[in-house]
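# no FASTA, just this:
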C-alpha cells in the first residue's frame, strides 16, 4: 500500500493553510453565483415538495403532476448551477494545485475546455451511479424472487443482503472515482479511466482517507446550515417516525426562512455561501492531493 493516509491529510491541511487566499480569490464568484441560484430557487422547491409529501405515498397522477408543476421550473436553476457554475468552481479550486496556474484577476469566471470536460465527466460519473443502482436493484429483485422458493423469510434476507451489496458496490465505485476532477485537469480527458486506474491499488486506504475528511466536512456543513435548519429542528423527530405532516412543515419552514424579507435571510445566505466555498475547497484539494500521491507512486513503480 503506497498511499499514506495521514501524510495526505497533512499535505491537504498544509496546502489549505498556505493557499487559502488564492483559493478564495479563484472560487468566490462561482460560489456566489451558485449560492444565489440555489437561494432563489429553494423556496419554490421546498414549498412544492411539501405539497407533494402531503399527497401521500400513492397520489393520483393528476394531483402529482399538478404538485410537480408548482416547483418543476425551479429545478432549472439547479441544473444551471450544476452544469455551468459548478464546473467553474471545481476548475478554479484545482488549477493551482494540479497545474500550478494562479488566478490573474480578482475573480474566476470562465467556461472553457477544462470546464466542459469536468461537466461531461461528472455527468457520466453520475449516470454510471444510476445504472449501477438500477441494475443492482434488478439483480436483487431476481435473487429475492428465487429465494421465495425457500420461504418469505429467506427472500427477505436475500433482499436485505443484496441491497447492502448494491450499496457497498456503489460506495466502492465512488471511492475509485474520487480523484475524477483532478484527473480531468491533469490528463485533459474526461478523467474516468485515469481516476479508476490511479485508485486500483490503494482504494481501501482511500476509504479511510475519505472517512477522515468527512469528519471535518460534515460538522462544518451542519454548522454553516444551522441558521436555516435550527428553527425547524423540532420537526425532525416526527419526520423520523414517518409523519408526513411534520415533513411538510419542515419543508415549509425552510422555504419561509429563505424569504429575503426575514431577519435571518442574510445570515442563512452567508452560511450557504461559506459552506459552498469551504466544502468544495476541502474536498477538491483533498482529491487533488490523493491524485498527486497516487500518480507519483505509479510513476515510481
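On my side now, so go ahead. Because the structure is predicted, anything quoted here is derived from the model rather than measured. Numbering: from 1, shown residues only.

# Residue 227 contacts residue 272, correct?
No - look at residue 227 against residue 272 with C-beta atoms under 8 Å: they stay out of range, at 9.2 Å. Using the backbone N, CA and C atoms, a C-beta is placed for each residue, glycine as well.

# Counting neighbours, go ahead and name the busier of these two.
When neighbours are counted by other C-beta atoms under 10 Å, residue 272 comes out ahead of the other of residue 227 and residue 272, with 22 against 18.

# dump the residue contacts of the more buried one.
Contacts of residue 272 were listed using C-beta atoms under 8 Å, 6 or more residues apart in numbering, and they are 35, 38-39, 224-225, 228.

# Out of those, list just those in helices.
Mapping the contacts of residue 272 onto helices (DSSP state H) picks out 35, 38-39, 224-225, 228.

# can you pull the buried residues of stretch 29-46?
29-39, 41-46 (16 or more other C-beta atoms under 10 Å).

# just stretch 188-207 next, same as before
Buried-residue list, stretch 188-207, by 16+ other C-beta under 10 Å: 190-192, 194-196, 198-199, 202-203, 205-207.

# Repeat that for stretch 144-158.
Buried residues in stretch 144-158 (16+ other C-beta under 10 Å): 144, 147, 155, 158.

# Report the separation between residue 280 and residue 95.
Going from residue 280 to residue 95 by C-beta to C-beta, to the nearest Å gives 13 Å.

# Could you do residue 4 as well?
25 Å.

# For these two, work out which one has more neighbours and name it.
Neighbours per residue (other C-beta under 10 Å) separate residue 4 from residue 95, with residue 95 holding more: 19 against 15.

# Hmm, residue 101 and that one touching each other?
Yes - between residue 95 and residue 101 there is a contact at 4.4 Å, judged by C-beta under 8 Å.

# ok, now which ones touch residue 114?
Per C-beta under 8 Å, 6+ apart, neighbours of residue 114: 87, 91, 95, 184-185, 188.

# how about those residues in JSON lines, adding secondary structure?
Listed next are those as JSON lines, based on DSSP: H, G, I helix; E, B strand; the rest coil:
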{"residue": "87", "secondary structure": "helix"}
{"residue": "91", "secondary structure": "helix"}
{"residue": "95", "secondary structure": "helix"}
{"residue": "184", "secondary structure": "helix"}
{"residue": "185", "secondary structure": "helix"}
{"residue": "188", "secondary structure": "coil"}
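
# so which of these comes closest to residue 247?
Closest to residue 247 out of those is residue 87 (32.8 Å), distances taken as C-beta to C-beta.

# Please identify which of the contacts of residue 272 is nearest to residue 135.
Among the contacts of residue 272, residue 38 lies closest to residue 135 (C-beta to C-beta), at 31.5 Å.

# any idea how far that closest one is from residue 67?
21 Å.

# With residue 19 instead?
Taking C-beta to C-beta, one finds residue 19 at 46 Å from residue 67.

# Those two: which is more packed in?
residue 67 (19 against 16).

# which among the ones in helices among the contacts of residue 272 gets closest to residue 293?
Among the ones in helices among the contacts of residue 272, residue 224 lies closest to residue 293 (C-beta to C-beta), at 28.8 Å.
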